[in-house]
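*Asks:* Sequence plus the predicted model coming up.
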Amino acid sequence: MSITYLEAIREAQSHALRDDPRVFIYGQDIGAFGGAFKATKNLARDFPGRVLDAPISEDAMVGMAVGAAIEGLRPIIEMQFADFSVVGFNQIVNQAATLFWRTNVPCPITIRLPFGGTEGGGPFHSQSIEAIYAHYPGLIVLTPATVEDAYSMLLEAVAIDDPVIFCEHKFLYYHLKADALPSEALPIGKARIAREGRDLTVVAYSAMVHEALAAAAELSAEGWEIEVVDLRSVKPLDTDTIMASVARTGRLLCVGESWPWGGVTAEIIARVASEGFGLLDVPPQRLNARDTPVPYHPNLWMAHRPTARAIAASARKILRR
Amino acid sequence: MSITYLEAIREAQSHALRDDPRVFIYGQDIGAFGGAFKATKNLARDFPGRVLDAPISEDAMVGMAVGAAIEGLRPIIEMQFADFSVVGFNQIVNQAATLFWRTNVPCPITIRLPFGGTEGGGPFHSQSIEAIYAHYPGLIVLTPATVEDAYSMLLEAVAIDDPVIFCEHKFLYYHLKADALPSEALPIGKARIAREGRDLTVVAYSAMVHEALAAAAELSAEGWEIEVVDLRSVKPLDTDTIMASVARTGRLLCVGESWPWGGVTAEIIARVASEGFGLLDVPPQRLNARDTPVPYHPNLWMAHRPTARAIAASARKILRR
Amino acid sequence: MLHTVLDTPPVGETKAARDQTLAAYRLMLTARLLDDKYAALYRGGKIHGGVFLGRGQEALSVAIGISLKKTDIFAPLIRDAAGRLAFGETVVDAIRTYLGSALGPMRGRDGNVHRGRPLEGYLPMVSHLGAMISVVNGTLFARRLKGVSGTVGATCLGDGATSTGAFHEALNQAAVEKLPLVLVVADNQYAYSTPTSRQFVCEDLADKASGYGVAAHSVDGTDLVACLKTAGEAVARARSGEGPQLIVARLLRLCGHGEHDDSHYIDPKLKTSPLGRDCLKVAEEFLLRQQWADSATLDGWRTEVVREIEDAVAQVRREPAPDPYDEKWQAISSRHLIELHDEDSGS
Amino acid sequence: MLHTVLDTPPVGETKAARDQTLAAYRLMLTARLLDDKYAALYRGGKIHGGVFLGRGQEALSVAIGISLKKTDIFAPLIRDAAGRLAFGETVVDAIRTYLGSALGPMRGRDGNVHRGRPLEGYLPMVSHLGAMISVVNGTLFARRLKGVSGTVGATCLGDGATSTGAFHEALNQAAVEKLPLVLVVADNQYAYSTPTSRQFVCEDLADKASGYGVAAHSVDGTDLVACLKTAGEAVARARSGEGPQLIVARLLRLCGHGEHDDSHYIDPKLKTSPLGRDCLKVAEEFLLRQQWADSATLDGWRTEVVREIEDAVAQVRREPAPDPYDEKWQAISSRHLIELHDEDSGS
Ligand SMILES: Cc1ncc(C[n+]2csc(CCOP(=O)(O)OP(=O)(O)O)c2C)c(N)n1
Ligand SMILES: Cc1ncc(C[n+]2csc(CCOP(=O)(O)OP(=O)(O)O)c2C)c(N)n1
Ligand SMILES: [Mg+2]
Ligand SMILES: [Mg+2]
């Protein structure tokens, strides 16, 4: 048996619907059609009345989920693309994210965002906008990089009592396969050492983990041992695991597919610089996408986001210091 | 004569309307009423047909401005509170911010956001959300801290060819006074040394500049000389001025009124750590608001955001290392 | 689909109608006096931030609040002091929120009109206009999914807020899902300073209903009896499965947008027009005319309510303010996922 | 305010009508053949990303495009290949954007239907549905402020996109400002896979107009002649200062949402209903019946257009792709404010 990242997401939802009557799914074209990416294929059939097509109304979709959560349900919202979630931004950051703090009533909703770049996606179907959600208090922001995590973290996202922004990378949907679904998993909030190494810590998340691993493989041929940390969750951020890795390697490179101003890479470097300054042998570095919208043409797109080659090049510079 | 920060904003708009027929202003209650904060007082009278009340439609307000900009005009949009700008978020980050890159046609709009905390403002009238705008490519994000800058930077914002998010601090509106309007000013993109010192660089912006200056005054009584850098603009960010200051002091504290995850303080520390690592004698530190919505009650609010006292306390810790 | 209550039909001298009207009046009076008290406290500098009153909207607001059952859902807006009381809010809870008491439902974290008790079906508004409607939809959808029938969800809005995209998406969503939503629009002629002519073009906001495929009810918002009838009917129709009900009431805001606003911009002609009638006086005159109450009784009520409010204020002012050192600075409920930031300010 | 073209009125044998109809038909044909070509290129793996066709919507689309002057504003949507051509887009520009040529208007930065030339009044859509309407409002507002009169702005939308808050805010804004906006809604029965029953409840989307105080026009979207008449009237009324015009056309999408979609979910009954007629065939039959053209002429046109498209594709495929090393990675136009990031990727 072999299962893709996308199938893992479908399976997790199927599992959640089966085990917990409080779960339902709401999103555009997710019913009979099974979703733009087929992440809910057959679920409307298997769970009648609990997998519903939404109108093109992202604001109302999220508001509806918050109301259902107040009533004790556990909605999953599928945004057709992460890029469209900003139409529901107000409800996410001001309604869902503030509810618990204001009222002591938790808001267990999961918002699934198919995010990240693919060839030919262009400026409005490629965005990586985890940082704008992580900036607001009250949200959990998850970025699974593996088939196993896509499955187990989505299950956990639905189970926890807070609003979760679940960032599923569209490039990984079909490209990533595993042999089987996991039976156990690291809890949310824990990063994972995706590859051990002693020369340099590369911190990455989502699709960039695989670029980092490819870079590490390339560099190992040159004699370098790169440690790759897969964040898994960008909020909360597992500073301990990062710091422990940097303590071993003394060198840090942070890689993100989103834009350079602010974001995950800035947050990590700020934390390591202020809390683990002494661990650093050389200046910590970051690699992000370029500061423009995500381009349509693959030639441009490949130069816009960090690639294994770019990561390896940055790593070499750090290693040679 | 004495002029407040708020009056400076009004004067700048009056000046822009007078000098440039392409300028108009659009926002809720800004016409005859002169705006919720009176930032457009009498402007509708003085410039008939060019200062217009908008319906409660932040999305359409911004979209309208983009269309007018395409036609060569220079709209100023007033959001009633920064917090409500997220209703127009999609138009700001996906329409205005991408126009030039997609089409080579510039998008000279200025969006004024009355932002930041005041006593009793609460979770939805106090937000500091400069970071979410700065994260997106294509936007200029300004945060004037003085009456002079409120005036000159707003004039420059209207004059430049790109979309500007102009963050005006509501706490400064009435609290800050100057003797006269400036006749010349630093250009946008240049930070300002608000106070010179050799022991520690405190980087701040908007209202936090004044908290930092108060902390510096307090610490000078203890024999410390604190250099305070007023960023003025958070995107672009004047890394050179910051770096030069850190080169002198060897110590860095970044202060922001917004939430701790990501944001301006993370971006600055990430830059200094990666580009100016060797300049730092001790770990760079940050001070932000707490990671919750902004509280209503003044007791809580004062403990939520950084204050002069909290800045002084953080500074002492850094200075004693 | 338009149901208009053009004139005030004589209400049968049934005991039920009489009792409901009297109860509604007393709640209106309480709301008005509470508003007066907020205004006084505000002028005395005892309230942090803004104060938003419902003067002139009590009849409409109380009508919807009193038409709901305690098991229904209610998401009031800024001018709904009366409806809140009718739905069961205590005077003490209201004052606690305005004064920021640590014992209030919002614990000083949020204030003034931003209050509620979600687990009791009483939803606390966020400031962003239009944003509560879809939340009410969600509670109704959830009840249906849980197999709980007979719930109605009501929420209130101003004329200005009909210009928000949130209003549109949510009313349409309710129509598509055929939810038992009652959406009450108080067309009080202004959104802050902005007259309706800068807000919409249709003759009557009820004209919007057919475009959503929902039922519409127009009512004179200055007339308590008409409001009770209309709200009662709309709630009943929603409860019986007829889908969303849009109530549009025309009236005039008899105060500033907030207490900081002298409302000089309000057209004097409107003030002297039928829209400018004070619904509290109209209701009082009605009760006296019907001989459902005499002046002495109503004066007695006023005295009682004033005392109740004064006592509540006195009590709340002795209550503790929130203490930043005791405060849990945690925006999420999953304790194991909370990050503590070294650099947190304060303390 | 509802103007319905129920039947296809016999068009007077005036030369103008004949010429316009023939021109419109040829543009429809070009759009259809262009769409066929995209589909072929897509199947051949020559196109990156999605391909979105306008099959079945050419009559409506061409009608609005052809009714505009070159000095008007047009913001088409995904299914408007025909309207784009009618407004003056060249076949080469269209193909360049689909193939990502560096010489196209979007220079490979954006692709497929996301194209335009803003300075020529031809606005490039963002993907977010409903977002272009208020942008068109802004151009019209600007013209008015600049003292330029007589401009009309048209934009297109699907049935599904009427559920967006952006649609609501913008149509209302246009009504309040009384802008010469023509909003063309193609009710093609589906939004992606979602039938209109999950999108709205009103009988006809034109029912929404009265709630906005704007004029409405319903039209059979499969009938070119009706579409030309309706679009012409709506544009004329907008131009003469009568404010926003909402056109609602009923028709059926004769393809998948995109070329990746086999549209198996489309109700077969709809396909055989009058809505399912192919507007290109209907127009062709009309032309032949009227003897405005004979088959040979139309066949000749088809051959010419196919050649034009093939030539354009051949040309564009030889054009340079964008080069990341030459690319200016600058999202703002103020050069002095551009920050170069050391850590920029690529290169
Ligand atoms: C989305 C949004 N934009 C702006 C505001 C600021 N605001 C608060 S109340 C108000 C006017 C509301 O008018 P209306 O809806 O008519 O209600 P009324 O005050 O008349 O009861 C405005 C503009 C807001 N709360 N939310
Ligand atoms: C705000 C937003 N949400 C979701 C989408 C994804 N999306 C693209 S096209 C489409 C369906 C559009 O349906 P309709 O408006 O009827 O137009 P049609 O495709 O039928 O021409 C959807 C949901 C989007 N583009 N924008
Ligand atoms: Mg109002
Ligand atoms: Mg459609």
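*Replies:* Thanks, I have the structure now. Ligands and ions are numbered 1, 2, ... in the order given.

*Asks:* didn't A:Ala185 look like it was pressed against A:Ser152?
*Replies:* Yes: contact criterion CB atoms under 8 Å: A:Ala185 and A:Ser152 qualify, at 3.4 Å. Every C-beta, even on glycine, is put in place using the N, C-alpha and C of the backbone.

*Asks:* of these two, who's got more company?
*Replies:* A:Ser152 (23 against 19; other CB atoms under 10 Å in any protein chain shown).

*Asks:* mind checking the SS state of the more buried one?
*Replies:* Following DSSP: H, G, I helix; E, B strand; the rest coil, the label given to A:Ser152 is helix.

*Asks:* can you pull out the strands in chain C?
*Replies:* C:2-4, C:73-75, C:153-158, C:181-187, C:190-191, C:194-195, C:215-220, C:245-250 (DSSP state E).

*Asks:* Next, format those strands as TSV and append mean pLDDT, mean neighbour count and distance to chain B.
*Replies:* Below are those laid out as TSV (pLDDT from 0 to 100; neighbours: other CB atoms under 10 Å in any protein chain shown; distance: least, CB to the nearest CB, whole Å):
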stretch	mean pLDDT	mean neighbour count	distance to chain B
strand C:2-4	44	15	24
strand C:73-75	98	27	15
strand C:153-158	98	27	9
strand C:181-187	98	28	13
strand C:190-191	98	24	6
strand C:194-195	98	21	5
strand C:215-220	98	25	21
strand C:245-250	98	28	17
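
*Asks:* Let me have those in CSV, extended by distance to chain D.
*Replies:* Shown next, in CSV, are these (distance: least, CB to the nearest CB, whole Å):
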stretch, distance to chain D
strand C:2-4, 11
strand C:73-75, 18
strand C:153-158, 14
strand C:181-187, 12
strand C:190-191, 12
strand C:194-195, 10
strand C:215-220, 10
strand C:245-250, 10
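
*Asks:* Using a markdown table, please lay out those strands together with distance to C:Ala63.
*Replies:* Below are the strands of chain C laid out as a markdown table (distance: least, CB to CB, whole Å):
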| stretch | distance to C:Ala63 |
| --- | --- |
| strand C:2-4 | 15 |
| strand C:73-75 | 12 |
| strand C:153-158 | 10 |
| strand C:181-187 | 9 |
| strand C:190-191 | 21 |
| strand C:194-195 | 25 |
| strand C:215-220 | 8 |
| strand C:245-250 | 9 |
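
*Asks:* can I get the ones you listed in TSV with distance to ligand 4?
*Replies:* Below are the strands of chain C laid out as TSV (distance: least, CB to the ion, whole Å):
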stretch	distance to ligand 4
strand C:2-4	29
strand C:73-75	32
strand C:153-158	29
strand C:181-187	26
strand C:190-191	33
strand C:194-195	34
strand C:215-220	27
strand C:245-250	26
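
*Asks:* And what about whichever residue of chain A sits closest to ligand 1, helix, strand or coil?
*Replies:* The nearest approach of chain A to ligand 1 comes at A:Asn90, 7.6 Å away (CB to the nearest ligand atom). Put simply, A:Asn90 is helix when judged by three-state DSSP.

*Asks:* give me every residue that touches it.
*Replies:* The contact partners of A:Asn90, by CB atoms under 8 Å, 6 or more residues apart in numbering or on different chains, come to A:Asp59, B:Val86, B:Val87, B:Phe89, C:His128, C:Ala131, C:Ala166.

*Asks:* what about stretch A:183-190, near chain B?
*Replies:* No: Stretch A:183-190 is not in contact with chain B by CB under 8 Å from any CB of the partner chain; minimum separation 13.7 Å.

*Asks:* Quick one: mean pLDDT over that stretch.
*Replies:* Mean pLDDT, stretch A:183-190: 93.

*Asks:* what does it contact?
*Replies:* A:140, A:142, A:148-149, A:151-153, A:156-157, A:160, A:192, A:232-233, A:236, A:238, A:241, C:336-337.

*Asks:* at 10 Å what do you get?
*Replies:* A:140, A:142, A:144, A:146, A:148-149, A:151-153, A:155-157, A:159-160, A:164, A:192, A:230-233, A:235-238, A:240-241, C:334, C:336-339 (CB atoms under 10 Å, 6 or more residues apart in numbering or on different chains).

*Asks:* Point out the ones among the residues you listed that are inside helices.
*Replies:* Counting by DSSP state H, the part of the contacts of stretch A:183-190 found in helices is A:Glu148, A:Asp149, A:Tyr151, A:Ser152, A:Met153, A:Leu155, A:Glu156, A:Ala157, A:Ala159, A:Asp240, A:Thr241.

*Asks:* Format those residues as CSV; extra columns: pLDDT and distance to chain D.
*Replies:* Compiled in CSV, the ones in helices among the contacts of stretch A:183-190 are given as follows (pLDDT from 0 to 100; distance: CB to the nearest CB, whole Å):
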residue, pLDDT, distance to chain D
A:Glu148, 98, 28
A:Asp149, 98, 24
A:Tyr151, 98, 25
A:Ser152, 98, 30
A:Met153, 98, 27
A:Leu155, 98, 27
A:Glu156, 98, 30
A:Ala157, 98, 25
A:Ala159, 98, 29
A:Asp240, 97, 25
A:Thr241, 98, 23
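
*Asks:* Any chance of those residues in JSON lines with distance to D:Leu275 as columns?
*Replies:* Output for those, formatted as JSON lines (distance: CB to CB, whole Å):
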{"residue": "A:Glu148", "distance to D:Leu275": "48"}
{"residue": "A:Asp149", "distance to D:Leu275": "46"}
{"residue": "A:Tyr151", "distance to D:Leu275": "43"}
{"residue": "A:Ser152", "distance to D:Leu275": "47"}
{"residue": "A:Met153", "distance to D:Leu275": "45"}
{"residue": "A:Leu155", "distance to D:Leu275": "44"}
{"residue": "A:Glu156", "distance to D:Leu275": "47"}
{"residue": "A:Ala157", "distance to D:Leu275": "42"}
{"residue": "A:Ala159", "distance to D:Leu275": "46"}
{"residue": "A:Asp240", "distance to D:Leu275": "62"}
{"residue": "A:Thr241", "distance to D:Leu275": "59"}
